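# my questions are about this predicted structure, shown below with the sequence.
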Amino acid sequence: MGHSIKEIAAALGAEALGAADLEVSGLAEPGRAGPGDLALAMSPKYADALTEGSARAAVISEGMDWQALGLEAAIIAPRPRFAMAGLTSALDSGPAIAAGIHPSAVIDPSAEIGPDAAIGPLVVIGPGAKVGSKARIAAQVTIAEEAVIGADALIHSGVRIGARVRIGDRVVIQPGAVIGGDGFSFVTEEVSTVEAARATLGKAEAPQAPQSWHRIHSLGAVEIGDDVEIGANTTIDRGTVANTVIGDGTKIDNQVHIGHNCRVGEDCLLCGQIGLAGSVVLGDRVVMGGQSGVSDNLTIGDDVVITGAAVVLSNVAAGRIVMGYPAVKMDTNVEMYKALRRLPRVMKTIDQLQKAVFKRPQND
């Protein structure tokens, strides 16, 4: 189904130029765009490739000459990357989930399915669970007892949703995510080596007798707010007693692990392969780069940025940008890195000075 340049520009709040009634049915890179595609040529380095394709229309940035680029129509995007959000949303048809309930779905009689919800093949929905109106549940999803799925939610194939999990409206969960598994919480009868090491900063001795680990069972659940997105194969553990909480608007990438009892604020951005140990509290609008992590029982303030691969071992005040292992303020980490790079030269200088001192004649 096509969309006119005029319609797309209006949806983006952008300016349409040229043949505004021209219709396009897809997006493409400039060099691969066909006559029915809208090319994404939002900087001169991309626009040069238009001659390699056959696009008739393109999204360009302010100041670019669309006619000189050989286009019949153009959309001017003042903030090109933001325009991408609207464009891809308008042209994304989403997964093919047939309306209604597939005959192979297994739904407990006590479960409630909202109007216009779509339930795919081999879905299992447990006792007392609730699925909101217009929610779409793809194939082979399992929804355990008393879980609640909000309106307009999209749950992709193979997702596992545990008991009593509450998921808000318009939530998107990508394939293979597990929401509401047990937290990783074990304890020894006597003080363990790990506990002693933490208390003494590594000076503890091994226990006199072998010790076994005993599970602390997870009795809580997980609460996920509205407009949250959760990536593929991400895991969010349920709380020990209180619930693990994910705030409204937070976006979580693939292969992220959020431990038991964590509380993540609103509009956070958690990139791939990060880890939050148990009982971490993130404020609102926290951004964590890929492969970063936070140790247990720490508090991260609002608007903090944690750069990629940083490891946070202490609380972070609101508004800070931290980097490194252990994570410190970014400017401090840069100075530390510069000093580390200078270290071989400094050691060479010290070595030369030592040799000069030892070679000096000794006074009688």
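In hand now; what should we look at? Residues are numbered from 1 along each chain as shown.

# off-centre distance for the helix or strand encompassing residue 223?
Using DSSP states H and E, residue 223 falls within strand 222-224. Centre-to-centre, strand 222-224 and its host chain are 16 Å apart (Cα atoms, centre = their mean, to the nearest Å).

# now the element after it, going C-ward?
strand 229-230.

# which residues are contacting the helix or strand following that following strand?
For strand 229-230, the following helix or strand on the C-terminal side (DSSP H and E) is strand 235-237. The contact list for strand 235-237 (Cβ atoms under 8 Å, 6 or more residues apart in numbering) reads 177-184, 218, 222, 224, 230, 244, 246, 256-260, 278. Yep, even glycine has a C-beta here, placed from its N, CA and C like the rest.

# buried subset of those residues, written for ChimeraX?
Buried residues within these, by 16 or more other Cβ atoms under 10 Å, are selected in ChimeraX with:
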select :177,178,179,180,183,218,222,224,230,244,246,256,257,258,259,260,278
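
# could you spell out the sheet neighbours of the strand holding residue 223, each with its direction?
strand 166-167 (parallel), strand 244-246 (parallel) (DSSP bridges).

# who touches the last one?
Strand 244-246 is touched from outside by 183, 220-225, 228, 236-238, 252, 258-264, with contacts defined as Cβ under 8 Å, 6+ apart.

# mean confidence for stretch 257-267?
Across stretch 257-267, the average pLDDT comes to 98.

# one more: stretch 148-166?
Rounded mean pLDDT across stretch 148-166 is 98.

# also stretch 324-337?
96.

# restrict it to CA atoms and write it as CSV.
Only the C-alpha atoms of stretch 324-337 are listed here, as CSV (Å, rounded to 0.1, in the frame of the first residue of the first chain):
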residue,chain,number,x,y,z
GLY,A,324,35.6,3.0,32.8
TYR,A,325,36.2,0.2,35.3
PRO,A,326,35.6,1.1,38.0
ALA,A,327,33.3,3.8,36.6
VAL,A,328,34.3,7.4,37.4
LYS,A,329,33.4,10.8,36.0
MET,A,330,34.1,10.8,32.3
ASP,A,331,36.7,13.6,32.4
THR,A,332,38.5,11.9,35.2
ASN,A,333,38.6,8.6,33.2
VAL,A,334,40.0,10.4,30.2
GLU,A,335,42.8,11.9,32.3
MET,A,336,43.5,8.4,33.8
TYR,A,337,43.7,6.9,30.4
